[in-house]
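**Student:** Provided below are the primary sequence and the corresponding predicted coordinates.
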Amino acid sequence: MLSLYLLLVVSFFSMSSFVSPSKSIVPNKERTDKAMELIKSATADGTGLSYKEIVGIVSAMKGDKISLRDKIVIKLTRKKLSTAIINAAGSSSDGKSQVTALLLCIFLGGLGIHRFYLGYTWQGIVQLLTLGGLGIWVLIDLVRIITGDLKPKDGEYGKTL
């Protein structure tokens, strides 16, 4: 059963590198503010986030409706995403967030946006041009971010999982 789940997750992430975005991939200040408002209102009661709340936050960041692939990933990882979003909203330290790097890798990994975020500009450009190494590089980065092996170029994460 576990191997089937892993095969399913790998399939979705490898397919994600072939999907091109229809809108701007970099969140602007308005989208970020809207997403932060949604996070604050959703985490005010201290309970976990629902599937609909997470979908709302992700679509606010993307500025458009999210794809079926993104919805499936959210469904499969809802509990961990909920915990990570609540922890990220509650902590206030300087530096890059491991949660943000993880979310960027999951949803925009094929474009190498997480590499730009972490300060690895040239690797981000190469990932953008190769579509994340046809998904393989994205999977490697995903595992490295989760394990904490892929850190920001300037040091440690300010916020961790």
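**Tutor:** Sure, I can see it.

**Student:** Run through the helices of this protein in chain order.
**Tutor:** Secondary structure of the chain (DSSP state H): helices located at 2-16, 29-43, 51-62, 68-76, 78-90, 98-108, 113-118, 121-134, 136-147.

**Student:** With respect to residue 156, which of these lies nearest?
**Tutor:** Proximity to residue 156, assessed across the helices of the chain by CB to CB, is greatest for helix 98-108 (9.5 Å). Quick note: C-beta positions are derived from backbone N, CA and C, even for glycine.

**Student:** just checking, what packs against the closest one?
**Tutor:** helix 51-62, helix 68-76, helix 78-90, helix 113-118, helix 136-147 (3 or more CB pairs under 8 Å, 6 or more residues apart in numbering; DSSP states H and E).

**Student:** Any chance of TSV for those helices, columns mean neighbour count, mean pLDDT and distance to residue 159?
**Tutor:** Shown next, in TSV, are those (neighbours: other CB atoms under 10 Å; pLDDT from 0 to 100; distance: least, CB to CB, whole Å):
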stretch	mean neighbour count	mean pLDDT	distance to residue 159
helix 51-62	19	78	16
helix 68-76	15	82	20
helix 78-90	17	68	6
helix 113-118	23	90	13
helix 136-147	18	92	13
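
**Student:** Now do the residue nearest the centre of the chain against residue 122, distance only.
**Tutor:** For the chain, the residue whose C-alpha lies nearest the mean C-alpha position (CA atoms, centre = their mean) is residue 103; its distance is 1.0 Å. Distance from residue 103 to residue 122, counting by CB to CB, to the nearest Å: 22 Å.
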